[in-house]
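**Q** From the sequence below, what's the structure:
(chains A and B)
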Amino acid sequence: MNNKMTDELLKSVEKPARYLGNEWNMVKKDKTKVDVRMAFCFPDVYEVGMSNLGMRILYHLINNREDTYCERVFAPWVDMEGKMLEKNILLYALETKDPIGLFDILGFTLQYEMSYTNVLNILKLGNIPLLAEDRTEEHPLICAGGPCSYNPEPMTDFIDFFVIGEGEEIINEIIDCYKQCKNAKMSKDEILSNLAQLEGIYVPKFYKVTYNDDLTIENIKPISDKYPLKIRKRIVKDLDRTFFPDNTIVPFIDIVHNRSMIELFRGCVRGCRFCQAGFIYRPVRNRRKSKLIELAENLEKNTGYDEISLLSLSTSDYKELEGLTDELLAKMTPKNVNLSLPSLRIDSFSIDLMKKVQKVRKSGLTFAPEAGSQRLRDAINKGVCEEDLFNSAKIAFEGGWSSLKLYFMIGLPTEENIDVEDISKLANNVVSLYKNVTRGKKVKRLNLTVSTSSFVPKPFTPFQWEKQDEMEKLNEKQNILKALLKNNRIKYNWHDNKLSFLEAVMALGDRKIGKVILKAFEKGSRFDSWGEHFKFENWLEAFIELDINPEFYANRKKSFTEILPWDHIDIGVKKEFFIHENEKARENKLTGNCNEICSGCGATIFEGGVCFDKN
Amino acid sequence: MIKIRAKFGRYEKVKFISHLDIMRMFERALRRARLPIEYSSGFNPHPKIVFGLPLSVGMTTESDYVDFQLCEEIKPIDFVKRLNSQLPEDVEVIDAKLFDSKKNIMALINGASYDVETSFCKDMDQERLAEIIRLFLEKDEIIVSKKSKSKVKDVNIRPLVHKIELKKVYFNFDNCDQNLGNDNLVTFSILVNAGIENNLKPELFLEALKGLLGSDIKPVNIHRTGLYVRGNSDFIDPLADAVL
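**A** Residues are numbered from 1 along each chain as shown, chains lettered A, B, ... in the order given. So this is what the prediction gives:
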């Protein structure tokens, strides 16, 4: 145990268990008997990182190898960070308490754009140079994966190589390659050159970006034809055969998602035009019901968790959902284990299902219409109609639910003020519906919350060329809703516009943004997605000092012919498809889901998933 | 109704977790061990487990107690073995017995003993310290400010303290970086009131000692050495036959 991490220090910070590890099912190995030491670094605090399914999977997968020890690193909370700097304590991994500088490879997961300053903070607290070009042979190799790495450009100053695609598929190849190179005593550059030749690995230093006079990208190309023009993502073809841990770590303290998790399927058949996850994880690949039940039973046995969460992007689309939940309930209810089903869609919503699942607790229900008017819902391809919403709400209210959350986005492409006002109309209609359904009965007043996030154009979506509404415009729309929702005691939550703005800049940014991230970090930014620590001024100052215009990235509509910063990444789904979808949006035309009809998005190139299911 | 009362310890490696965390830990361990714990009925069923007294973050214990209600018969020795196999390092069940008394452990607890390791900065020796303890025990009233969630209250803690002994002393061994005077490490063994009524936290005891000592006194380590219940006399072992 690190000598400097004294009892006194631990007692002086919040949740000291964040820094101690030693949890049930933590992997313990002899660090001297392995060939490769890796640390999985989650750029947020323990409770957030430990809830991440990707980390759970990769941690146990890598540790299944005898030649590698994979440990965990989280961002220390601000109180502990202060003490560590004061007492010269280097950031360490939880398993061995060794400083992160000692490891061979540090792997970051980029789950959301506003975590980037935390990536830098972790490196700094480990005394590792932030810029890739400043690091030497003695420093670990720094890699990154996760959803944000599909546009890796803003982070290219800091990361040695990116893993594009699903970690489970490629991580063993990476470690094998690294091991071989290390044994052959290759230099870091040689190792990177070897890694770059694996499919799905992007080494930014081997690619050059040139710009036009108008600051758009002229070209992105490899410096040698050893490296591919485009980096194609890697996916797991068969989810039933891929590794899934059934012996996951059980933390001592409470974390955000303190339950077992099983993934029903990856990708999404719906193709909502704003949604990045649905496209980057195509083709949609299902897990067999029998496999899911096996995983659920093993997890329950080995963790002792009293809740199992069935995860996917759109759980209602799992074809055997009813059979699966019936069987799971039969097995789990006698053990007093609950099921949780987030991500249920409105139109195939089954109240019977919810009644069965929420047997004991009537927690709130969440619906996500996303847009207030049918016109706009069609434009974004969220094929939900008001009738479905009201039908489902009615059955829910009749069944005893009195708490409901409605999620919307404002600032969507083609949105007019009327669409925003329609959000309030919809919400007020729900209130009236409740009053009608519960007339004469003695029930609680309806607890209705409307929540709006602000549209952020994301790479690899049909809306990737769109502009985000300016902050003032978003503010205006929020004010419209604030006024309209004041009656009827509807609670209204909205997202911080400054944060949404920065998210857009990071999501759509090119390599120049790296300097902005560094400067904001040097001014003290970290934990940006935590309201109390977000300092917009740092970012504004950084943009000004570097003479970079953030509105160029966030608030500018781009032409279909412009080279986008992520054009050298290939996710299978073709640009032509996204362009076609964008045009259909303007005509308010819907695109059917993959289970009904194939729209030729391009994901068939991976030769797997529902694209090839015999219907 | 099958009820088991267990004595357990929680040591260094897991001392930085809260009482709620301990409760969750036991719940999960019981599940993994497939032990037949009884659940409450109603909207939010929870396992029927009752702890004697909460454990603060940072506190170790060699003698805490918890009652379990089971829905199947099981020999205590098997219960202990199976539960221990699923408890993490530095948490262990030491002993367990069947009981059928109607009162659960939380209601019964009336006392606790602690080894409170402290440090304070003042010129000191054994004689003078013993004198200070004697003065403490002589008083009828020792008033301390007790902070609760909403207010501050003055409490007389003297009647809540039953024994104070010096367990380990290490005087004047280093120079304090503050004032004048040298650093001392002293472990007090105390027996105090505990439980639902009149619970005295060791930290409050130290607050009270501050005045008589004439200097600030910091807890370095707090270790609970025993929990006691009221039976036909005070401060009985919760696993004594008379209590069960």
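**Q** Return the per-residue confidence for the residue nearest to residue B:39 when sequence neighbours are not counted.
**A** Spatial nearest neighbour of residue B:39, chain neighbours left out: residue B:45 (4.3 Å); criterion: CB to CB, 6 or more residues apart in numbering or on different chains. From N, CA and C alone the C-beta is placed, and that goes for glycine too. pLDDT recorded at residue B:45 is 85.
**Q** Is residue B:45 in contact with residue A:336, as I believe?
**A** Yes: between residue B:45 and residue A:336 there is a contact under CB atoms under 8 Å: 5.9 Å.
**Q** Overlap of the contact sets of those two?
**A** Residues touching both residue B:45 and residue A:336 by CB atoms under 8 Å, 6 or more residues apart in numbering or on different chains: residue B:39.
**Q** residues near residue B:217, how many?
**A** If you count neighbours by other CB atoms under 10 Å in any protein chain shown, residue B:217 ends up with 22.
**Q** In the sheet, which strands lie alongside the helix or strand bottoming out on mean pLDDT in chain B, parallel or antiparallel?
**A** In chain B, the helix or strand scored least confidently by mean pLDDT, DSSP states H and E is strand B:161-175, which has a mean of 83. Take DSSP bridges as the rule and strand B:161-175 pairs in its sheet with strand B:182-193 (antiparallel).
**Q** Can the helix or strand following the partner strand be said to contact chain A?
**A** Per DSSP states H and E, the first helix or strand lying C-terminal to strand B:182-193 is helix B:202-213. No: Helix B:202-213 lies apart from chain A when judged by CB under 8 Å from any CB of the partner chain; the minimum separation is 11.5 Å.
**Q** For helix B:202-213, which helices and strands make contact with it?
**A** Applying 3 or more CB pairs under 8 Å, 6 or more residues apart in numbering or on different chains; DSSP states H and E, we find helix B:202-213 packed against strand B:109-121, helix B:126-138, strand B:143-147, strand B:182-193, strand B:217-229.
**Q** buried ones in stretch A:453-462?
**A** Within stretch A:453-462, the residues that qualify as buried are A:453-462, counting by 16 or more other CB atoms under 10 Å in any protein chain shown.
**Q** can I get those in JSON lines with distance to residue A:202 and pLDDT?
**A** Shown next, in JSON lines, are the buried residues of stretch A:453-462 (distance: CB to CB, whole Å; pLDDT from 0 to 100):
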{"residue": "A:453", "distance to residue A:202": "29", "pLDDT": "97"}
{"residue": "A:454", "distance to residue A:202": "29", "pLDDT": "97"}
{"residue": "A:455", "distance to residue A:202": "27", "pLDDT": "98"}
{"residue": "A:456", "distance to residue A:202": "23", "pLDDT": "98"}
{"residue": "A:457", "distance to residue A:202": "22", "pLDDT": "98"}
{"residue": "A:458", "distance to residue A:202": "18", "pLDDT": "98"}
{"residue": "A:459", "distance to residue A:202": "14", "pLDDT": "98"}
{"residue": "A:460", "distance to residue A:202": "15", "pLDDT": "98"}
{"residue": "A:461", "distance to residue A:202": "20", "pLDDT": "98"}
{"residue": "A:462", "distance to residue A:202": "24", "pLDDT": "98"}
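**Q** possible to save those as a markdown table with secondary structure and distance to residue A:317?
**A** Shown next, in a markdown table, are these (DSSP: H, G, I helix; E, B strand; the rest coil; distance: CB to CB, whole Å):
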| residue | secondary structure | distance to residue A:317 |
| --- | --- | --- |
| A:453 | strand | 22 |
| A:454 | strand | 26 |
| A:455 | coil | 23 |
| A:456 | coil | 24 |
| A:457 | coil | 25 |
| A:458 | coil | 21 |
| A:459 | coil | 24 |
| A:460 | coil | 20 |
| A:461 | coil | 19 |
| A:462 | coil | 19 |
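**Q** Quickly name whichever of those is closest to residue B:217.
**A** residue A:453 (51.9 Å; CB to CB).
**Q** What residues sit buried inside the least confident helix or strand of chain B?
**A** B:161, B:164, B:171.
**Q** Relative to chain A, which residue of chain B is the closest?
**A** residue B:28 (3.2 Å; CB to the nearest CB).
**Q** Next, the contact list for that residue, please.
**A** A:24, A:250, A:303-306, B:86.
**Q** Can you classify the residue nearest to residue B:39 as helix, strand or coil?
**A** coil (DSSP: H, G, I helix; E, B strand; the rest coil).
**Q** cool, the one 10 residues further on as well?
**A** When the structure is reduced to helix, strand and coil (three-state DSSP), residue B:55 reads as coil.
**Q** before we move on, what about the one 10 residues further on?
**A** Assigned with three-state DSSP, residue B:65 falls in the strand class.
**Q** Any idea how many residues pack against it?
**A** Residues near residue B:65, counting by other CB under 10 Å: 26.
**Q** Need the nearest residue in space to it, chain neighbours excluded.
**A** residue B:52 is the one closest to residue B:65 (CB to CB, 6+ apart), at 4.0 Å.
**Q** Let me know the pLDDT of that neighbour.
**A** At residue B:52, pLDDT is 95.
**Q** Could you do residue A:368 as well?
**A** For residue A:368, pLDDT reads 89.
**Q** To which secondary structure element type does it belong?
**A** With three-state DSSP as the criterion, residue A:368 reads strand.
**Q** Give me the distance between the nearest residue to residue A:63 once chain neighbours are set aside and chain B.
**A** Once flanking residues are discounted, residue A:63 sits nearest to residue A:27: 4.4 Å by CB to CB, 6+ apart. Distance of residue A:27 to chain B, computed by CB to the nearest CB, to the nearest Å: 14 Å.
**Q** and residue A:27, how many residues sit next to it?
**A** Neighbours of residue A:27 (other CB under 10 Å): 16.
**Q** cool, residue B:38 as well?
**A** Based on other CB under 10 Å, the number of other residues close to residue B:38 is 17.
**Q** And for the one 5 residues further on?
**A** Under the neighbour criterion other CB under 10 Å, residue B:43 is assigned a count of 9.
**Q** so where's the stretch 251-400 of chain A shaky on pLDDT?
**A** A:345-351, A:358-363 (pLDDT under 70).
**Q** Let me have the helices and strands packed on helix B:202-213 in a markdown table, adding mean pLDDT as columns.
**A** Shown next, in a markdown table, are the helices and strands packed on helix B:202-213 (pLDDT from 0 to 100):
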| stretch | mean pLDDT |
| --- | --- |
| strand B:109-121 | 93 |
| helix B:126-138 | 91 |
| strand B:143-147 | 86 |
| strand B:182-193 | 89 |
| strand B:217-229 | 93 |
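**Q** Which one of these lies nearest to residue B:94?
**A** strand B:217-229 (12.1 Å).
**Q** Around chain B, which positions in the stretch 1-150 of chain A sit nearby?
**A** A:7-8, A:10-11, A:16-17, A:20, A:22-24.
**Q** of all the residues you listed, which two lie farthest apart?
**A** A:8 and A:24 (26.9 Å).
**Q** So between these two, which is more surrounded?
**A** residue A:24 (21 against 12).
**Q** got a list of what residue A:58 touches?
**A** A:40, A:70, A:107, A:167-168, A:171.
**Q** rerun at 10 Å
**A** Counting by CB atoms under 10 Å, 6 or more residues apart in numbering or on different chains, residue A:58 touches A:38, A:40, A:52, A:70, A:107, A:109, A:145, A:166-168, A:171, A:243, A:245.
**Q** coming back round to it: save the helices and strands packed on helix B:202-213 as TSV, and put in distance to residue A:234 too.
**A** Formatted as TSV, the helices and strands packed on helix B:202-213 follow (distance: least, CB to CB, whole Å):
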stretch	distance to residue A:234
strand B:109-121	55
helix B:126-138	69
strand B:143-147	57
strand B:182-193	58
strand B:217-229	51
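**Q** Verify the contact between residue A:126 and residue A:119 for me.
**A** No: checked against CB atoms under 10 Å, the pair residue A:126 and residue A:119 is beyond contact range at 11.3 Å.
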